[in-house]
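1. this is a predicted model, with the sequence first.
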Amino acid sequence: MTQHTENLGHEHVFLGAGHQRNERRVWLVIALTASMMVAEIVAGNLYGSMALVADGWHMSTHAGAMLITALAYLYARRQARNPRFTFGTGKLGDLAGFASAIILGLIALVIAWESLLRLANPVEISFSQAIAVAVVGLAVNLVSAFLLKDDNGHAHGAHSHGSHSHSGHGHHGHAHGPHAHGQPHSYSPHAHHGDHHHSHAPARDNNLRSAYLHVMADALTSVLAILALLAGSFYGWLWLDPAMGIVGALVIARWSWGLIRQTGLILIDATDTVDDLQMEIREGIETPEETITDLHVWQVGPGHNAAIVAIATRHPNPPAFYKDKLAAVSGLSHLTVEVTPLAA
């Protein structure tokens, strides 16, 4: 039966399952943070409080970083079907997360440097005012953290594919040799990944995670500041405030490095992020008669992976046969199969 090529086309939309919901949450947090920032800067200038002014400008750096997150969501959504992007815009969030992680690392360096300066040259602290600023800042950051918490991350790996337009179409077959060319280039209706539930690591939205880490970093500095200021107000330990700043900077730097490493590996298509998926593909395909000679697996978006599988066998089957064997592999959203017949 002849197939029409127009029926074989498909879209490459590999956005995370909660893309639009996460985008709305980030814009809401930006509005909350920016409002608090403006209020602190205005109040600080009106009442001559440098603590308020400094905290306001500090919040502006996090608001700016989260703006990167929001714009990445917006651009990825609007350009998701743009053919210029061969595998869609799903990885744009990882690029934004990488950039935000670098900003977070720079913030950690600034905090550490300012803390060292304060240790070398202690200054008088208006404890009551500073504590009030820290408490209000902590409250804002806790609300923001609640909004940005990726509470559906555990489910993306098993359920996300059914909600995207590419489901059931993102599979190609390429066959080499006289036996395989005689078979139709088709996709089996049973090879739909959205209906299967194999366990993989949770699909993490690194764009959302970067925004979450920014507000958590701010919340951490607020908690440490409150503890240091309370101790300072009771015992006169002025050195504890900058000391806590250094501790906070080290923790934030560690968060930053973790996010840089994870997003960096995804951006360069490192296999570290898809080891389990590679193993599952090999287990699903390889038999004493069929060998995978070349396998490429990489992430194309949160909860979405692509694979190119080259198979060599003395008894070749059409590509759809091998795609059926991988039908239960969740997280595999785009599959290309090449079959090379071997001499008998």
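-> Perfect, thanks for sending it. Numbering: from 1, shown residues only.
2. any idea of the pLDDT on residue 163?
-> What the model reports for residue 163 is a pLDDT of 35.
3. could you do residue 187 as well?
-> pLDDT, residue 187: 34.
4. counting by contacts, list what whichever strand or helix holds residue 116 packs against.
-> In the assignment (DSSP states H and E), residue 116 maps to helix 92-120. Here helix 92-120 touches helix 50-78, helix 206-235, helix 240-267, going by 3 or more Cβ pairs under 8 Å, 6 or more residues apart in numbering; DSSP states H and E. Yep, even glycine has a C-beta here, placed from its N, CA and C like the rest.
5. can you give me how far the shortest one is from the chain middle?
-> Here helix 240-267 shows a centroid-to-chain-centroid distance of 17 Å under the convention Cα atoms, centre = their mean, to the nearest Å.
6. make 121 the first number, not 1, from now on.
-> Let's use 121 as the start, then, which means that last one is helix 360-387.
7. helices or strands up against it?
-> Helix 360-387 packs on helix 212-240, helix 326-355, going by 3+ Cβ pairs under 8 Å, 6+ apart.
8. show the subsequent helix or strand relative to it.
-> Downstream of helix 360-387 (by DSSP H and E), the next one is helix 395-405.
9. tell me the buried residues in that following helix?
-> Going by neighbour count (16 or more other Cβ atoms under 10 Å), the buried part of helix 395-405 is 397-398, 400-401, 404-405.
10. skipping its backbone neighbours, what lies nearest residue 136 in space?
-> residue 422 (3.4 Å; Cβ to Cβ, 6 or more residues apart in numbering).
11. ramachandran angles for that neighbour?
-> Dihedral angles of residue 422 (phi, psi; degrees, to the nearest 10) stand at phi -60, psi 110.
12. surely it and residue 196 touch.
-> No - using Cβ atoms under 8 Å, residue 422 makes no contact with residue 196, being 10.4 Å away.
13. the more surrounded of those two?
-> residue 422 (29 against 26; other Cβ atoms under 10 Å).
14. can you put the buried residues of helix 395-405 in CSV and add pLDDT and distance to residue 346?
-> Shown next, in CSV, are these (pLDDT from 0 to 100; distance: Cβ to Cβ, whole Å):
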residue, pLDDT, distance to residue 346
397, 91, 44
398, 92, 47
400, 92, 48
401, 94, 51
404, 92, 54
405, 93, 57
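15. packing partners for the host helix or strand of residue 454?
-> Residue 454 belongs to strand 452-461 when assigned by DSSP H and E. With contacts taken as 3+ Cβ pairs under 8 Å, 6+ apart, strand 452-461 sits against strand 291-295, helix 298-301, strand 410-421, strand 424-433, helix 439-445.
16. contacts made by stretch 143-153 with the rest, please.
-> 179, 182-183, 186-187, 189-190, 193-194, 197, 260, 263-264, 267-268, 328, 331, 335 (Cβ atoms under 8 Å, 6 or more residues apart in numbering).
17. quick one, which of the residues you listed are buried?
-> Buried residues within these, counting neighbours by 16+ other Cβ under 10 Å: 179, 182-183, 186-187, 189-190, 193, 197, 260, 264, 267-268, 328, 331, 335.
18. buried residues in stretch 345-356?
-> 345-346, 348-349, 352.
19. what of stretch 352-371?
-> The neighbour-count check on stretch 352-371 (16+ other Cβ under 10 Å) flags 352, 358, 360-369, 371 as buried.
20. can you count the residues close to residue 428?
-> 16.
21. contacting residues for it?
-> Residue 428 neighbours (Cβ under 8 Å, 6+ apart): 414-416, 456, 458.
22. compare those and tell me which is most surrounded.
-> In terms of neighbours by other Cβ under 10 Å, those top out with residue 458 at 19 neighbours.
23. and that residue, how close does it get to residue 400?
-> 19 Å (Cβ to Cβ, to the nearest Å).
24. equivalent analysis for residue 250, please.
-> 54 Å.
25. got it, and residue 233?
-> Look at residue 233 and residue 400: by Cβ to Cβ, they are 47 Å apart.
26. center of the chain - which residue?
-> Geometric centre of the chain, nearest residue: residue 326, 1.5 Å, by Cα atoms, centre = their mean.
27. just the pLDDT at residue 161, thanks.
-> At residue 161, pLDDT is 82.
28. still on that earlier bit, among the buried residues of stretch 352-371, which one lies nearest to residue 244?
-> Using Cβ to Cβ, residue 358 comes nearest to residue 244 of those, at 8.0 Å.
29. check contacts around the closest one.
-> Applying Cβ under 8 Å, 6+ apart, the residues near residue 358 are 242-243, 245, 352.
30. now for these: which two are most distant?
-> For the contacts of residue 358, and using Cβ to Cβ, no pair is farther apart than 243 and 352, which are 11.7 Å apart.
31. find the residue ranges of the stretch 271-420 of the chain scoring beneath the pLDDT cut-off.
-> Scanning the stretch 271-420 of the chain for pLDDT under 70 picks out the ranges 271-322.
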